[in-house]
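>>> need coordinates for the below:
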Amino acid sequence: MALQAKAKVKLSRSLGVALTPKAAKYMERRPYPPGQHGRGRKKESDYKNQLVEKQRLRAQYNISERQLRNAYQEAVRKQGKTGEVLISILESRLDAFVLRAGFARTIYQARQFVNHGHFIVNGRKVDIPSYRLKANDFVQVRKKSRTMTPFQLAAAGAWAGEQTPAYIEAHLDGLVARFIQVPERKQVPVICDEALVVEYYSK
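All right, here's what the predicted structure looks like:
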């Protein structure tokens, strides 16, 4: 296992959420945090629980602290429950969409694909992972990228989940998908108690 993969497995075990398929397999065998005292950790403080939940959310979207804080500040200004709005904002990112639609295997790969300019949004190339999608935006793999092995695998459904989220209409054989609408929290397959994230930032 490469050092980078090991680091992601360790982070996954620490946060209690599988960030890669390899981490998921490893966690099935060792479903407890890493380290000498991983199996018998004591009850954590409220602050520690809030911090871990914030880190868990960050890791699942592969974003920086500044990006998450900015998203939180935006969520505070919008109507609705701040935590749920925060998740909706993050889920509207292009890299998150690429992952959910089945175009990429992990959020890390999704970010790399977007950075390398493999996607078109409504007919225009977009290479910014944080690009915010709007309802009825169409995302497709660029024509010259479609022959690449990763996208051939995507077209065959290799990375599609058991069920595509209801807010995404994906046609993998054509390597195109539509962002139907900004999702509700209950529709988003993210493991996080967003209320604790809000508590962390509201102090």
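>>> now the residue nearest the centre of the chain: how far from residue 95?
The structure's the chain has its C-alpha centroid closest to residue 61; by CA atoms, centre = their mean the separation is 3.6 Å. Using CB to CB, to the nearest Å, we find residue 61 at a distance of 8 Å from residue 95. Backbone N, C-alpha and C define where each C-beta goes, glycine included.
>>> again, but for residue 166
As defined by CB to CB, residue 166 lies at a distance of 20 Å from residue 95.
>>> have a look at the two and say which one is more surrounded.
The residue with more neighbours, out of residue 166 and residue 95 and counting by other CB atoms under 10 Å, is residue 95; that gives 25 against 12.
>>> which helix or which strand is home to the more buried one?
Element membership of residue 95, judged by DSSP states H and E, is helix 94-101.
>>> all helices for this protein, in order.
Using DSSP state H, the helices of the chain run over 3-15, 21-29, 46-61, 65-77, 82-91, 94-101, 107-115, 149-155, 194-201.
>>> spatially nearest residue to residue 67, not counting backbone neighbours?
What sits nearest to residue 67 in space, not counting adjacent residues and going by CB to CB, 6 or more residues apart in numbering, is residue 130, at 6.7 Å.
>>> what pLDDT is listed against that neighbour?
Residue 130 carries a pLDDT value of 97.
>>> now it, what are its backbone angles?
phi -80, psi 0 (degrees, to the nearest 10).
>>> that one - how many residues pack around it?
By the measure other CB under 10 Å, the count of residues near residue 130 is 18.
>>> so it makes contact with residue 68?
No: counting by CB atoms under 8 Å, residue 130 stays clear of residue 68, with 11.2 Å between them.
>>> anything in contact with each of these two?
Applying CB atoms under 8 Å, 6 or more residues apart in numbering, one finds that no residue jointly contacts residue 130 and residue 68.
>>> just to revisit the earlier point, roughly how far does the residue nearest to the centre of the chain sit from residue 197?
Spatial separation of residue 61 from residue 197 under the definition CB to CB is 12 Å.
>>> ok so, going back, joint contacts of residue 61 and residue 95?
When contacts are counted by CB under 8 Å, 6+ apart, residue 61 and residue 95 are jointly contacted by residue 107.
>>> low-confidence ranges in the chain?
When residues are selected by pLDDT under 70, those of the chain lie in 1-6, 20-43.
>>> care to break it down by domain?
Residue ranges for the structural domains of the chain, counted by automatic domain parsing, are given in the record as 7-26+45-90+190-201, 97-181.
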